[in-house]
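In: Show me the folded form of this:
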Amino acid sequence: SSFGPENKYGYFPAGSVAWRLSEEDFIKEGASWINDLKIRAGYGVTGNQRIPAFNYLARFQSSILSSAYAFGGGNALTTGVWQNNYANPAIKWESAKSLNIGLDFALFDSVIDGSLDWYNKKTSDMLYPVALPATAVGMGGSPYVNVGDMSNKGVELSLGYHYGRKNDSPFKFDFVVNISRNVNEIVALAPGVDQRPYGNFRSLTTSILQAGAPFGSFYGYDMTGIYQNAAEVTQGPSYVGARVGGPKYRDVNGDGTVNAADRTIIGDPNPDFIYSFSLNANYKNWDVAMFFNGSQGNDLYEATRYF
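Out: Below is the predicted model of the structure:
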């Protein structure tokens, strides 16, 4: 019910392989301090169809509120139908191709263990509702389209230390650290799809979908300072309502005026890396557990002072 006859079915293969090196003689005999060592690789394709049903069909609605009219000058209403959703017969599956290569290890009687992963994921034919001009669709809803491709690449590291487990000590604790980095990019937008501002907050448009930029990039005017005197307002690029003490914005296109055409990417909500660490300790019948996590390097859209 999500896709038309030409794109009803998708093909999504997957597979994985692994080699447990710690079972090989050259590890058992030459590196007894290695308890477990495994390298693995996996590749798979997954499909996404989580969109409203019947996007490939034009849909109509019968409603006394939206499609009724009084004929003959009386007060009696005749209910009709109206096109409340427009069709995209070419809509097809969104697919994500993922490659993962990893290493799992346990050392020194499993006192230290962890894993290291590298991944590369490309999402193709992303499903996204691109608004059509109101003059073309009136009040009808715009269909989803396959808007473009997105890439996610990154590494993940998990490292753990375990004390008192081997000899069953009355005091035991486990300390685990995780850190990961992901690089996101909109690789390309589909033909006929221009950059797409989205994410409305009151009168602000907060984000943009743009090729070559991260998904969710913040969009707006690039503030370069505060107007210090009247000369700065009159002699440099300014905007309607500019005043001394007001914000000064960058003239991105260099036409001498600051207007909607000068909006640009002003931030990235995606972190440089995220991290966490946990501590679990117990002594006889007492135990304590703590968990911390953090995000580093992401920008925030400050709108709390907007009125």
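
In: Local confidence estimate at the residue nearest to Phe54 when sequence neighbours are not counted?
Out: Nearest residue to Phe54, sequence neighbours excluded (CB to CB, 6 or more residues apart in numbering): Ser1, at 5.9 Å. (Each C-beta comes from the backbone N, C-alpha and C, glycine too.) Looking at Ser1, its pLDDT reads 81.

In: pretty sure Ser1 is in contact with Asn55, am I right?
Out: No: contact between Ser1 and Asn55 fails when scored by CB atoms under 8 Å: they sit 9.3 Å apart.

In: Which one's more surrounded, those two?
Out: Asn55 (23 against 10; other CB atoms under 10 Å).

In: now could you export just the CA positions of the strand or helix carrying Gln61 as CSV?
Out: Counting by DSSP states H and E, the element that carries Gln61 is strand 59-62. Output for strand 59-62, consisting of C-alpha atoms alone and laid out as CSV, is shown next (Å, rounded to 0.1, in the frame of the first residue of the first chain):
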residue,chain,number,x,y,z
ARG,A,59,-6.7,10.7,-2.8
PHE,A,60,-10.1,12.4,-2.4
GLN,A,61,-12.2,13.2,0.6
SER,A,62,-15.9,13.8,1.1
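
In: Given it, what are its sheet partners and their directions?
Out: Based on DSSP bridges, the pairing partners of strand 59-62 within the sheet are strand 81-85 (antiparallel).

In: Figure out how far the strand it pairs with is from the centre of its chain.
Out: Between the mean C-alpha point of strand 81-85 and the mean C-alpha point of its chain there is a distance of 32 Å (CA atoms, centre = their mean, to the nearest Å).

In: how about it: buried residues?
Out: Under the neighbour-count criterion of 16 or more other CB atoms under 10 Å, strand 81-85 has Gln83, Asn84, Asn85 buried.

In: ok, back up a step: neighbouring contacts of the strand holding Gln61?
Out: Outside strand 59-62, the residues that touch it by CB atoms under 8 Å, 6 or more residues apart in numbering are Ser67, Thr79, Gly80, Val81, Trp82, Gln83, Asn84, Asn85, Ala87.

In: Would you mind measuring from Arg165 to Asp113?
Out: As defined by CB to CB, to the nearest Å, Arg165 lies at a distance of 11 Å from Asp113.

In: With neighbour numbers in mind, choose between these two.
Out: The residue with more neighbours, out of Arg165 and Asp113 and counting by other CB under 10 Å, is Asp113; that gives 18 against 13.

In: A helix includes the more buried one, no?
Out: No: for Asp113, which was evaluated using DSSP: H, G, I helix; E, B strand; the rest coil, the result is strand, with no helix membership.

In: List just the nearest of the contacts of strand 59-62 to Phe108.
Out: Sorting these by how near they are to Phe108, with CB to CB, puts Asn85 at the top with 62.2 Å.

In: is it true that the closest one touches Ala58?
Out: Yes: under the contact definition of CB under 8 Å, Asn85 touches Ala58, with a separation of 7.1 Å.

In: quick one on the thing from earlier: what's the lowest-pLDDT member of the contacts of strand 59-62?
Out: Taking pLDDT as the measure, the contacts of strand 59-62 have their low point at Ser67 (80).

In: Just give me the neighbour total for that residue.
Out: Residues within reach of Ser67, counting by other CB under 10 Å, total 17.

In: which secondary element of this protein has the worst mean pLDDT?
Out: Counting by mean pLDDT, DSSP states H and E, the chain has its least confident helix or strand at helix 134-137, which shows a mean of 56.
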